[in-house]
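Asker: please find the sequence and the predicted model below.
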Amino acid sequence: MSVTAVRREKAAEVTVDERGLRLPSSARGVVTVAFDGRYVWSFQPERDAEGTHKECVPWPASLRPHLRGTTHLTVTQLANGTDAEVTWLDDEVRFGTHQQRIRLEDPQGHPLAVNKVGNLTRVFGETGDDTKREILTSVARILEDLRTHGGVEAILNYGCLLGAIRTGEMIGTDCDADLTYLSEQTSPIAVILESYRLERAMAAHGWKTVRMSGGDFKVMLRLDDGRTCHVDVFVGFYAEDTYYQLGNRSGHLTKEAIVPARPVVLEGVELPGPADPEAMLAFVYGPTWRTPDPAFRFTDPPAGVRRLDGWLRGQRDHLPRWNAFFRGHEASEVPEKHSDFAMWVRERIASSDDLVADLGCGTGRDSAYFAAAGHRVMGYDISPEARQRAQRRLRAHNPRATVRRLMLGELRTALLVGCEVALSRGRPQLYARNLLGALDRDERLNLWRLARIALAGRGGSIFVEAPAHLSWARLPHPDLPVPLRRVDVDEIVRELESYGGRVVERVEGPGTDLFDRPDPWTVRLHVTFEPTLPTPKPAPIAQGDPVPETQTRSRIRRAVARRAEVTTRLDELESAVHENRRLHRQVAELTDVVAELLVPLAESDDEATQAVLKRYRAMI
């Protein structure tokens with residue numbers, strides 16, 4: 001991709017290319033980028049620049065697919081300590097050979113910008129007053145329902161609280177509303193179960209919700225202008241003397257600064273805020289919270305982030321990149337025709353009456369192939385953008401087809417999908433092309449749990465294709481615009497066998513990638529599950545025999561002397577502690593599923609089971 005621009009004034013010191021922007025070393029503080037006069041993105045060169053000499057600020061991943069065409073590019077910086085602007089670039093720019101204007105808009109024509117977490121979305125600076133009031137009126141109802149039906153006193157927080165206290169107006173670069181409630185629970189398991197209970201209470205009163213982590217769910221507001229606005233409901237809780245608040249805040253904040261709620265006014269709407277708003281904002285944003293900074297980034301204590309990740313989170317780090325991929329032009333380059341792997345699997349499915357569950361269905365190219373062959377197809381994907389694409393394609397074969405959400409970083413969702421497939425009519429066949437390469441180990445183990453629930457005793461199979469390493473060499477990961485990595489096939493087989501899987505076929509060799517281009521090495525697995533379900537047993541933590549105190553001191557002295565050994569042992573201990581925290585989340589998720597779903601199943605109460613499945617599905 002080439003970029004051309006006519007440059008004036010300081011532009012001799014500024015260059016623009018396909019990778020990003022290069023500014024002079026004197027560029028400091030907040031730099032703002034606008035396309036055709038509309039705000040698009042802010043950054044801090046000294047923080048965000050990359051390269052050997054920190055010379056290039058790369059374009060955000062969500063923006064890169066849209067850089068095809070021309071725009072009037074304006075790059076400005078607020079002069080330090082003044083309201084004056086320094087203009088680094090103010091000219092027409094062309095990306096590549098395309099002549100059309102770059103249009104950063106949603107399907108309704110509303111402008112989009114890069115938000116604080118790097119997503120391309122609508123921001124409040126491009127939102128009309130009527131829509132702002134519509135959002136805040138709904139936020140007031142959500143807060144009231146959390147109090148009345150959920151039994152918690154939730155408060156306005158983060159960007160909306162910042163805007164209310166600074167100016168009484170929404171922050172122009174903000175894009176959603178964030179609420180927090182203070183939990184009286186002190187163990188992660190209890191905190192998670194309370195959050196699930198709150199979500200069910202909100203769903204029961206008509207709100208559309210999406211679970212984000214063990215301590216955070218979103219309420220989805222469908223606005224009159226076609227936009228969907230997200231309202232996060234974050235938990236805050238104390239563990240020992242530390243206050244933890246999603247997302248990722250931790251440190252010292254007194255309970256008296258949080259409750260009882262005190263009214264604040266935002267855009268003329270009165271809403272409950274924290275008891276001491278200034279103390280809360282200092283806790284969230286730091287001591288400089290009063291100074292506007294559209295390029296602000298949180299710097300959270302690493303220990304607190306580790307604990308919150310371990311206690312409350314399933315991982316969804318790559319979701320924004322998948323959404324950006326399926327939203328952009330690159331997804332249109334995925335072939336329309338079914339893959340060779342789909343044909344390979346079809347030859348191994350005995351009956352057209354079998355159900356095919358396409359896990360990670362993407363654009364739906366293979367889902368449509370199975371549907372055209374007469375199979376009933378259930379599609380699943382993590383990305384809402386992918387689900388929309390796949391659903392449109394599937395509905396050509398079945399007008400009522402629905403592609404559903406699958407979040408393998410969340411045990412509850414994996415168990416739900418396993419139960420849905422197991423209870424569906426027809427022998428289930430699970431299909432997963434390019435899914436394994438997108439998963440970490442925890443997510444893969446949840447996939448095997450899902451498969452075991454869906455297939456054990458039903459006679460079906462799971463078919464997997466993924467980019468792989470050679471048994472004697474590690475190949476580079478695929479060069480793709482999405483996070484797909486090569487897998488270690490022997491490790492995958494060991495995991496499957498530990499969950500009761502039996503590899504019927506294992507085929508390795510050259511294959512094709514996401515775009516059907518040649519891939520030097522891929523693996524195809526055909527796996528069945530035995531009716532008897534073995535329980536995977538984690539390796540026990542090694543514990544030596546008790547030793548006398550004098551010997552213990554002697555060993556400690558020798559260990560300290562061997563610094564490398566101590567470092568290794570500390571790494572092992574940290575890993576064990578982190579595993580223990582993750583188990584808290586899994587215990588909470590499993591407890592919730594057993595109470596809500598598996599008990600009706602065990603009692604063979606089909607009506608109750610279907611009601612619970614419907615309620616769970618409505619929430620995710």
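Answerer: Great, that's in hand.
Asker: now H230: phi and psi?
Answerer: Torsion angles at H230 (phi, psi; degrees, to the nearest 10) stand at phi -100, psi 140.
Asker: surely it touches F217?
Answerer: No: using C-beta atoms under 8 Å as the test, H230 is too far from F217 to be in contact (10.3 Å). Where C-beta positions appear, they are placed from N, C-alpha and C, glycine not excepted.
Asker: give the residues shared as contacts by these two.
Answerer: Common contacts of H230 and F217 (C-beta atoms under 8 Å, 6 or more residues apart in numbering): none found.
Asker: so those two - more neighbours on which side?
Answerer: Per other C-beta atoms under 10 Å, whichever of H230 and F217 has more neighbours is F217, with 25 against 15.
Asker: quick check: that one touching V231?
Answerer: No: counting by C-beta under 8 Å, F217 does not reach V231; the two are 9.6 Å apart.
Asker: who's in contact with T402?
Answerer: 379, 391 are the contacts of T402 under C-beta under 8 Å, 6+ apart.
Asker: K208 too?
Answerer: K208 neighbours (C-beta under 8 Å, 6+ apart): 219-220, 222.
Asker: could you rerun that using 6 Å?
Answerer: Residues near K208 by C-beta atoms under 6 Å, 6 or more residues apart in numbering: M220.
Asker: ok, now D300?
Answerer: Per C-beta under 6 Å, 6+ apart, neighbours of D300: N248.
Asker: using the three-state scheme, assign it.
Answerer: coil (DSSP: H, G, I helix; E, B strand; the rest coil).
Asker: for it, give its distance to F234.
Answerer: Taking C-beta to C-beta, to the nearest Å as the measure, D300 falls 14 Å from F234.
Asker: would you map the strands across the stretch 401-550 of the chain?
Answerer: 403-405, 428-433, 461-467, 501-512, 518-529 (DSSP state E, counting those that start in this stretch).
Asker: dump these into TSV; add mean pLDDT as well.
Answerer: Below are these laid out as TSV (pLDDT from 0 to 100):
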stretch	mean pLDDT
strand 403-405	91
strand 428-433	97
strand 461-467	97
strand 501-512	96
strand 518-529	96
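Asker: could these go into a markdown table alongside mean neighbour count?
Answerer: Shown next, in a markdown table, are these (neighbours: other C-beta atoms under 10 Å):
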| stretch | mean neighbour count |
| --- | --- |
| strand 403-405 | 21 |
| strand 428-433 | 26 |
| strand 461-467 | 25 |
| strand 501-512 | 14 |
| strand 518-529 | 19 |
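Asker: nearest to G150 among these would be which one?
Answerer: strand 403-405 (22.9 Å; C-beta to C-beta).
Asker: what lies in contact with that closest one?
Answerer: Identification of contacts with strand 403-405 by C-beta under 6 Å, 6+ apart yields 379-380, 387, 390-391, 620.
Asker: show me what contacts D592?
Answerer: Counted by C-beta under 6 Å, 6+ apart, D592 has contacts Y196.
Asker: on the three-state scheme, it is what?
Answerer: helix.
Asker: from N157, how far off is it?
Answerer: Distance, D592 to N157, by C-beta to C-beta: 25 Å.
Asker: circling back to that earlier point, now distance to L359 too, for the strands of the stretch 401-550 of the chain, in CSV please.
Answerer: Shown next, in CSV, are these (distance: least, C-beta to C-beta, whole Å):
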stretch, distance to L359
strand 403-405, 10
strand 428-433, 5
strand 461-467, 8
strand 501-512, 15
strand 518-529, 13
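Asker: out of those strands, which gets nearest to G360?
Answerer: That would be strand 428-433 among the strands of the stretch 401-550 of the chain, by C-beta to C-beta, at 5.9 Å.
Asker: now V482: how far from W322?
Answerer: 6 Å.
Asker: hang on, I meant E330
Answerer: For E330 relative to W322 (C-beta to C-beta), the value is 11 Å.
Asker: who has more neighbours, the two?
Answerer: Shown here are E330 and W322; by other C-beta under 10 Å, W322 has more neighbours (23 against 17).
Asker: which phi and psi values does that one adopt?
Answerer: phi -70, psi -40.
Asker: quick check, it in contact with S383.
Answerer: Yes: in this structure, W322 is within contact of S383 by C-beta atoms under 6 Å, at 4.3 Å.
Asker: quick one: low-confidence ranges for the stretch 401-550 of the chain?
Answerer: For the stretch 401-550 of the chain, applying pLDDT under 70 flags the ranges 532-550.
Asker: how about the helices in it?
Answerer: For the stretch 401-550 of the chain, the helices defined by DSSP state H, counting those that start in this stretch cover 411-423, 441-455, 489-498, 549-561.
Asker: and these: which comes nearest G20?
Answerer: With C-beta to C-beta as the criterion, G20 lies closest to helix 441-455 of the helices of the stretch 401-550 of the chain, at 31.1 Å.
Asker: restrict the closest one to CA atoms and write it as CSV.
Answerer: This file holds the C-alpha atoms of helix 441-455, laid out as CSV (Å, rounded to 0.1, in the frame of the first residue of the first chain):
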residue,chain,number,x,y,z
ARG,A,441,-4.8,-24.0,26.5
ASP,A,442,-7.7,-23.2,28.9
GLU,A,443,-10.0,-22.5,26.0
ARG,A,444,-9.0,-25.7,24.3
LEU,A,445,-9.8,-27.7,27.5
ASN,A,446,-13.2,-26.1,27.6
LEU,A,447,-13.7,-27.2,23.9
TRP,A,448,-12.9,-30.8,24.9
ARG,A,449,-15.4,-30.5,27.8
LEU,A,450,-18.0,-29.3,25.4
ALA,A,451,-17.3,-32.2,23.0
ARG,A,452,-17.4,-34.7,25.8
ILE,A,453,-20.8,-33.5,26.9
ALA,A,454,-22.2,-33.3,23.4
LEU,A,455,-20.9,-36.6,22.0
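Asker: for T186, the count of nearby residues, please.
Answerer: 11.
Asker: any idea how far it lies from V235?
Answerer: Using C-beta to C-beta, T186 is found at 12 Å from V235.
Asker: cool, and G118?
Answerer: Distance from G118 to V235, by C-beta to C-beta: 24 Å.
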